[in-house]
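Enquirer: After the sequence you'll find the predicted model.
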Amino acid sequence: MSDEVVADVGQLVEHAGLLGISIVKIAAERFDDVQPSEDFEIEPRYSLVFMLRDDAAGFRVRIETDIELPVGSVSCAVAAEYGLEGLVVRKGSTVALQEFVNNVALMHVLPFTRQAIADVTQRVFNAPLLMPIIQRGAISFELETPATVPD
């Protein structure tokens with residue numbers, strides 16, 4: 001039996017298995033010459049790295065978060081890896097993958113991002129940085145089909 005091509009997000013939700021979530025980068029730096037102030041805005045910058053497995057039967061979503069603060073900087077990257085049981089990704093799968101990334105994968109990754117940033121800032125800044133509440137749909141990414149995706 002040949003694998004079916006991913007056509008809609010419902011197929012992904014039904015057949016994608018979360019294989020693991022890992023923190024792949026975490027760093028914080030405190031500036032020596034700056035005194036912390038009580039109030040400052042936290043404006044994280046998010047970016048997405050999407051990687052397809054060589055056999056097109058799975059993928060990895062990596063969300064990178066960078067925060068510049070008056071007292072220093074924080075950088076974190078968390079990756080979620082998914083396997084596709086009986087499905088493969090092709091060029092026509094981009095819309096379904098983008099919807100999955102924005103509505104499912106982000107919800108898997110963001111709690112790990114939030115905790116990693118709180119942990120590292122507690123150690124470096126002597127107080128945890130609590131990331132703002134992120135409403136569903138507040139962050140979204142345009143997914144470009146990797147050149148390695150088969151037709």
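Expert: It's in.
Enquirer: so when I look at Met51, I'm seeing a helix, right?
Expert: No - counting by DSSP: H, G, I helix; E, B strand; the rest coil, Met51 is not part of a helix but strand.
Enquirer: just to confirm, which helix or strand has the nearest residue to it once chain neighbours are set aside in it?
Expert: If the residues on either side of it in the chain are set aside, Met51 comes closest to Arg60, at 4.4 Å by Cβ to Cβ, 6 or more residues apart in numbering. To be clear about C-beta, it is placed using only N, CA and C from the backbone, and glycine gets the same treatment. For Arg60, the element it lies in under DSSP states H and E is strand 58-69.
Enquirer: again, but for Leu106
Expert: Assigned by DSSP H and E, Leu106 falls in helix 106-125.
Enquirer: where in this protein is pLDDT low?
Expert: Residue ranges of the chain with pLDDT under 70: 1-2, 36-39, 145-151.
Enquirer: before we move on, the earlier item: report the strands that pair with the strand holding Arg60, each with its relative direction.
Expert: Using DSSP bridges, strand 58-69 pairs in its sheet with strand 45-52 (antiparallel), strand 72-84 (antiparallel).
Enquirer: Not counting sequence-adjacent ones, nearest residue to the most centrally placed residue in the chain?
Expert: Taking Cα atoms, centre = their mean as the criterion, Ile63 is the residue nearest the geometric centre of the chain, at 2.5 Å. Of all residues beyond its chain neighbours, the one nearest Ile63 is Val109 (4.8 Å), with distances taken as Cβ to Cβ, 6+ apart.
Enquirer: From Phe31, how far off is the one you found?
Expert: Look at Val109 and Phe31: by Cβ to Cβ, to the nearest Å, they are 28 Å apart.
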